[in-house]
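Student: sharing a model that was predicted from the sequence below.
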Amino acid sequence: MRIAILHYSKPPVIGGVERVIGEQAAALRTQGHDVEICTRADWCVDGWEAVIVHNVFTMPFDLAWTKELIKLTRSRPDIRWINWVHDVRWSAQVPKAAHVAVSEHRRRDYAKVTKEPIHVIPNGCDSSAVLGLTDRVRDLKLEHEGLVLLQPTRFVRRKNIECGLRLLTELPEAVYLVTAAPDPHQKDGLKYFRELKGLAKELGVHRQVRFLGETKTLTDHDVRSLYHMSDLLFFPSIEEGYGLPLIEAALHGVPVFCSHIPAHREVAVGATFFKLTAEPKGLARKIKAHPGVKVRQQQRQMMVRLAWPRIVKEMLEPLLFSKG
């Protein structure tokens with residue numbers, strides 16, 4: 001479908017609506033549509049099957065253009081007109097269009113203007129771009145997981161990775177991300193890695209644990225992206241001299257669950273400590289009840305809810321192709 005998206009200005013101009021229309025256009029193109037963003041200066045009515053008008057019908061920054069477009073909605077019924085309402089500051093005339101409000105609050109606001117149906121379609125968000133996720137981490141699709149545990153570590157026995165594997169038996173909705181690759185120059189590290197893979201299979205959690213460095217080394221940018229997408233840092237080391245991931249996680253706002261050892265007590269900020277003898281069931285209960293972990297889960301759920309591809313396919317395209 002040939003689609004024009006209209007607004008008073010367009011990217012690279014910086015603004016909330018400008019970002020929305022840029023991301024909306026990109027998502028529509030991904031679905032195979034031919035899309036162009038236009039302002040009054042480069043707008044021509046001919047050649048379009050659908051026109052999505054953002055705020056021009058309801059924000060009178062150029063009232064002459066607003067009235068001109070409203071007339072076109074009546075004289076050009078061959079075009080599918082979408083009135084995308086972010087704000088309502090002018091309502092003397094209502095276009096002949098399918099009306100979209102960006103929230104239930106805005107729908108109620110615009111319902112004072114027209115008795116016609118008003119569809120609620122939220123503005124999407126390109127979360128990967130906002131967070132600066134690397135392609136490697138974006139492709140993991142962690143936003144679809146129930147719970148994401150992160151342990152940035154090498155394969156050294158004192159890191160106690162087996163503790164995380166046993167914890168997974170009490171968290172069937174979780175994935176456990178371990179960043180390191182086995183070092184071929186450290187025989188025990190390679191042996192330890194093989195033991196961990198065997199234990200994961202024995203415990204029935206091998207599909208939940210991801211040894212991310214096994215096939216390709218992670219970059220520093222990848223690790224930063226993992227912090228953005230994790231619900232908690234799980235750091236069960238038996239012994240440490242410092243514990244840098246505790247600092248990194250705190251700076252990223254990631255809840256920290258770490259073993260109650262001297263270095264961790266000295267370094268960690270706002271962490272939840274647990275004894276090395278802690279039972280997986282009790283530890284899992286504390287993780288699931290932690291308010292910070294719940295917020296992180298909700299943030300990832302929001303990424304799914306506001307993903308532009310989903311919004312375009314499930315909400316916008318049915319409206320574009322509707323005959324009503």
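Tutor: Great, that's in hand.

Student: where does pLDDT dip in the stretch 101-250 of the chain?
Tutor: When residues are selected by pLDDT under 70, those of the stretch 101-250 of the chain lie in 183-184.

Student: which stretches of it form strands?
Tutor: Assigned by DSSP state E, counting those that start in this stretch, the strands in the stretch 101-250 of the chain fall at 118-120, 147-151, 174-178, 209-211, 232-235.

Student: looking at these, which one is packed in the most?
Tutor: Most buried of those, by mean neighbour count (mean count of other CB atoms under 10 Å): strand 232-235, with a mean of 26. For every residue, glycine as well, the C-beta is placed using N, CA and C.

Student: against which helices or strands is that strand packed?
Tutor: strand 147-151, helix 244-251, strand 256-259, helix 291-305 (3 or more CB pairs under 8 Å, 6 or more residues apart in numbering; DSSP states H and E).

Student: centre of the chain to that strand, how far?
Tutor: Computed by CA atoms, centre = their mean, to the nearest Å, the chain-centroid distance of strand 232-235 equals 20 Å.

Student: can you name the residues in contact with it?
Tutor: Contact with strand 232-235 is made by 148-153, 164, 167, 176, 227, 243, 245-246, 249, 254-259, 264, 287, 290, 292-293, 296, as judged by CB atoms under 8 Å, 6 or more residues apart in numbering.

Student: buried among those residues? Need that as a selection in PyMOL.
Tutor: Selecting only the buried members of the contacts of strand 232-235 in PyMOL, with burial defined as 16 or more other CB atoms under 10 Å, works like this:
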select buried, resi 148+149+150+151+152+153+164+167+176+227+243+245+246+249+254+255+256+257+258+259+264+287+290+293+296
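
Student: circling back to that earlier point, CSV for the strands of the stretch 101-250 of the chain, including distance to Ala97?
Tutor: Shown next, in CSV, are these (distance: least, CB to CB, whole Å):
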stretch, distance to Ala97
strand 118-120, 11
strand 147-151, 42
strand 174-178, 44
strand 209-211, 47
strand 232-235, 46
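
Student: those: which one's closest to Ala129?
Tutor: strand 147-151 (19.7 Å; CB to CB).

Student: partner strands of the closest one and their direction?
Tutor: Counting by DSSP bridges, the strands paired with strand 147-151 are strand 174-178 (parallel), strand 232-235 (parallel).

Student: just to revisit the earlier point, what's the closest of the helices and strands packed on strand 232-235 to Val269?
Tutor: helix 244-251 (4.5 Å).

Student: quick one: contacts for the nearest residue to Ala174 once chain neighbours are set aside?
Tutor: Of all residues not flanking Ala174 in the chain, Leu147 sits nearest, at 4.0 Å (CB to CB, 6 or more residues apart in numbering). Residues in contact with Leu147 (CB under 8 Å, 6+ apart) are Leu171, Glu173, Ala174, Val175, Asp231, Ile287, Lys288, Val293, Gln297.

Student: how many residues are close by the first one?
Tutor: Spelled out, that is Leu171. 21 (other CB atoms under 10 Å).

Student: one more: the second one?
Tutor: By other CB under 10 Å, 11 other residues sit near Glu173.
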